[in-house]
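Participant: Give me a model of this one.
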Amino acid sequence: MTMNRQAFLDHRFLGCQQEPQDAGIWVFGAPFDGTVTFRPGTRFGPEAMRRESIGLETYSPYQDLDLEEDMKIADLGDLDLPFGNRDGCLDLIGQTVGDIVDRGRRPFMVGGEHLVSLPAVLAVHRAHPDLCLVHFDAHTDLRAEYLGEERSHSSVIRRIWDQLGDGRIWQFGIRSGTREEFSWASGGHTTMERFRADTVSDARKALEGRPVYVTVDLDVLDPSVFAGTGTPEAGGLSFHELLEGLLGLSGLQIVGADVVELAPHYDPSGVSTAVACKVMRELLLLMGRCV
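Facilitator: So this is what the prediction gives:
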């Protein structure tokens, strides 16, 4: 794995202080935004979240768990990705996640745009052939292609479906996409709850005993809560609604996860980065308690 050693030493996410050999969850950043369809800037998300995480407590009153005291998590820093080389970036992400899984650890990736989830999910899928995906997002991400390009953050879930197939993908908070995407999903290809995340408990029942990858596109949150993203979409979830959705997955076998699409420079107040850090803290704790 090619990591930024300085980030590993100096800017680990709050509470993720374990040495890799002692940790069961390995965090890494994937600072890539080469296929964004509106505003770029998500490549700066991982570094901003590490820097601003100092504003959080390691303890979560929502889960009565502490990142530092109760979990064994290592932050490896950011991947050194080859700028301008989309396929090279995706290959390196896939190799990194594959290596983490091969070492018996679970990956937690910080994006970056949502396309980084594709190689991560596929690498976990190779180790868990019955893998299922839980997807929180404002957007369907189910396009067959965007401007002739099949591998884009607009089509990432469709590309994941190519490998996982029907009955393996649950989507929540979706409120934006083409008519064709919504029609395709309703044909039985994914299980989608539009606008909200109230049916997570139903998904949980279907997912019991199965390996699960959780991907959170932070633009699932309403722009009034989370303005710092490249494609804001009105009508989103509140922080508490997203948290309730995530905690509804408690007890599942979460074998990998990511948070993506923070573009910190679009919210100079820093509130969006603070929200992203808190979402990451809660998802890490959830993942740590799910074995």
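Participant: can you list the weak-confidence ranges in the stretch 151-291 of the chain?
Facilitator: 291 (pLDDT under 70).
Participant: mind listing the strands in it by residue range?
Facilitator: Counting by DSSP state E, counting those that start in this stretch, the stretch 151-291 of the chain has strands at residues 169-174, 191-194, 211-217, 253-260.
Participant: In the helix ranked longest in the chain, which residues have enough neighbours to count as buried?
Facilitator: In the chain, taking DSSP state H as the definition, the longest helix is helix 271-289. For helix 271-289, a neighbour-count test (16 or more other Cβ atoms under 10 Å) marks 272-288 as buried. All C-beta spots, glycine's among them, are computed from the backbone N, C-alpha and C.
Participant: Check stretch 149-163 too.
Facilitator: Quick answer for stretch 149-163 (16+ other Cβ under 10 Å): 151, 152, 153, 154, 155, 156, 157, 158, 159, 160, 161.
Participant: How about stretch 228-241?
Facilitator: Here stretch 228-241 shows 228, 229, 230, 231, 232, 233, 236, 237, 241 as buried, counting by 16+ other Cβ under 10 Å.
Participant: among these, which two are most distant?
Facilitator: Maximum pairwise distance in the buried residues of stretch 228-241, criterion Cβ to Cβ, is 21.7 Å, between 230 and 241.
Participant: circling back to that earlier point, out of the buried residues of stretch 228-241, which is nearest to residue 144?
Facilitator: residue 231 (18.8 Å).
Participant: my guess is the closest one meets residue 139, correct?
Facilitator: Yes. Between residue 231 and residue 139 there is a contact at 6.9 Å, judged by Cβ atoms under 8 Å.
Participant: Give the burial count for residue 80, as a bare number.
Facilitator: Around residue 80 sit 14 other residues, with neighbours defined as other Cβ atoms under 10 Å.
Participant: Please apply the same query to residue 105.
Facilitator: 18.
Participant: please begin residue numbering at 574 from this point
Facilitator: In the new numbering, first residue 574, that becomes residue 678.
Participant: what's the spacing between it and residue 757?
Facilitator: 35 Å (Cβ to Cβ, to the nearest Å).
Participant: again, but for residue 733
Facilitator: 14 Å.
Participant: need the contact list for residue 698.
Facilitator: 704, 736, 737, 786 (Cβ atoms under 8 Å, 6 or more residues apart in numbering).
Participant: and the third one, what is it in contact with?
Facilitator: By that I understand residue 737. Contacts of residue 737 by Cβ under 8 Å, 6+ apart are 694, 698, 704, 705, 706.
Participant: Mind doing that once more with 10 Å?
Facilitator: Contact analysis of residue 737 by Cβ atoms under 10 Å, 6 or more residues apart in numbering lists 694, 695, 698, 702, 703, 704, 705, 706, 730, 763, 786.
Participant: In ChimeraX, how would I select the buried members of those residues?
Facilitator: The buried residues among those can be selected in ChimeraX (16+ other Cβ under 10 Å) with this line:
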select :694,695,698,704,705,706,730,763,786
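Participant: Tell me where the model's unsure across the stretch 574-723 of the chain.
Facilitator: Looking at the stretch 574-723 of the chain by pLDDT under 70, you get 574-583, 721, 723.
Participant: could you pull out the helices for it?
Facilitator: 578-583, 618-625, 640-643, 659-675, 690-700 (DSSP state H, counting those that start in this stretch).
Participant: Which stretch among these approaches residue 596 most closely?
Facilitator: Among the helices of the stretch 574-723 of the chain, helix 659-675 sits nearest to residue 596 (Cβ to Cβ), with 10.5 Å.
Participant: can you pull the buried residues of stretch 783-792?
Facilitator: 784, 785, 786, 787, 788, 789, 790, 791, 792.
Participant: Can you name the two of the residues you listed that sit furthest apart?
Facilitator: 784 and 792 (25.9 Å).
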